[in-house]
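K.L.:
just a sequence and a predicted model for now, questions to come.
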Amino acid sequence: MKYHIDPDAKSSGRRAAMAAATALREALVARGEANIVVGTGASQFVVLEAFIAEPDIRWDRVNVFHLDEYVGLPIHHPASFRKYLWERFQAKLPLPLKSMYYLDGEIDAQAEAERAGKIIQQHPIDMAFAGIGENGHLAFNDPPADFDTEEPYLVVDLDEGCRNQQFGEGWFSSFDDVPKQAISMSVKQIMKSKTIVATVPDTRKAKAVQACLEGEVSNLAPASILQEHQNCFIYLDEAAASLLSSETKAAAS
């Protein structure tokens, strides 16, 4: 795992997008097509905007997988991640994608997780976007996360901290409106990605960043598993990095 600290979220997000685009281009050159995972949420706003503006990418040779989605949330809801990915990513690309594999949380969630899992097992992931939640979650794998399952996608229960984060970010009009379950890519599936690009801005993520970067690897801080990935790049702004030790900050590039 390597990490970078930039002054603000915009510069951090742009640097993350450049790294992701480099990994994508390398995969396209090596194999003629590429498989990537695109995340959602407030942490990815700048990243995706900069990513789709990157030049010289044959998007028509790219297969995209959806990281996670709420169970039971209509696609027209402002918090729908399918809506997010369409509006902020797919619809803005200069070329149509080869394939876009959305997760549909409005149908049988377990059947949908199994369907998506069968597809992704046939597409080794070259690059995955991710973030770190306020409770340390990775995708929607809240603590205590399942580090052992081989299933690519899971139906998971969302804990109170995760649901409070979604409400606090303004996606829902009340806490009670936040769904209690989601379909999420599993921790092991995320870790199978050749490259992981994680972007984590904002002061409210500082405690989770400290726990996941400086603490022991533990399913109680799910994103701490990223310490074990040899090609994971974490992009922080100064606010998110504010609780890191001076030694940790000095080691960042």
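P.N.:
In hand now; what should we look at? Numbers count the residues shown, from 1 in each chain.

K.L.:
contacts and neighbour counts: CA atoms only from here.
P.N.:
OK.

K.L.:
for the residue nearest to the spatial centre of the chain, phi and psi?
P.N.:
The centroid of the chain falls nearest to A130 when counting by Cα atoms, centre = their mean (2.3 Å). In this entry, A130 is assigned phi and psi values of phi -150, psi 180 (degrees, to the nearest 10).

K.L.:
that one and G39, how far apart?
P.N.:
A130 sits at a distance of 6 Å from G39 (criterion: Cα to Cα, to the nearest Å).

K.L.:
give me the common contacts of these two.
P.N.:
Overlap between the contact sets of A130 and G39, as judged by Cα atoms under 8 Å, 6 or more residues apart in numbering, is given by A139.

K.L.:
pLDDT at S11, what is it?
P.N.:
Among the per-residue scores, S11 shows a pLDDT of 97.

K.L.:
roughly how far apart are it and M18?
P.N.:
To M18, S11 is 11 Å away according to Cα to Cα.

K.L.:
output the below-cut-off pLDDT ranges for the protein.
P.N.:
Nowhere does the chain drop to pLDDT under 70.

K.L.:
at 80 instead, please
P.N.:
Applying pLDDT under 80 to the chain flags the ranges 253.

K.L.:
show me what contacts the nearest residue to H123 once chain neighbours are set aside?
P.N.:
With Cα to Cα, 6 or more residues apart in numbering as the measure, N35 is the residue that lies nearest to H123, at 6.4 Å, once sequence neighbours are left out. Under the criterion of Cα under 8 Å, 6+ apart, the neighbours of N35 are V62, N63, V64, F65, H123, P124, I125, D126, M127.

K.L.:
buried ones among these?
P.N.:
With neighbours counted using 16 or more other Cα atoms under 10 Å, the contacts of N35 contain these buried positions: V62, N63, V64, F65, I125, D126, M127.

K.L.:
just give me the closest of the residues you listed to W171.
P.N.:
For these, the minimum distance to W171 (Cα to Cα) is 22.1 Å, reached by F65.

K.L.:
got the contact list for that closest one?
P.N.:
By Cα under 8 Å, 6+ apart, F65 lies in contact with N35, I36, V37, V38, M100, Y101, Y102, I120.

K.L.:
now do the phi/psi pair for the third one.
P.N.:
Listed backbone geometry of V37 is phi -120, psi 130, with angles given as degrees, to the nearest 10.

K.L.:
for the chain, just list every one of the helices.
P.N.:
Defined through DSSP state H, the helices belonging to the chain, from first to last, are 9-31, 45-52, 81-88, 109-120, 160-168, 187-191, 206-214, 246-251.
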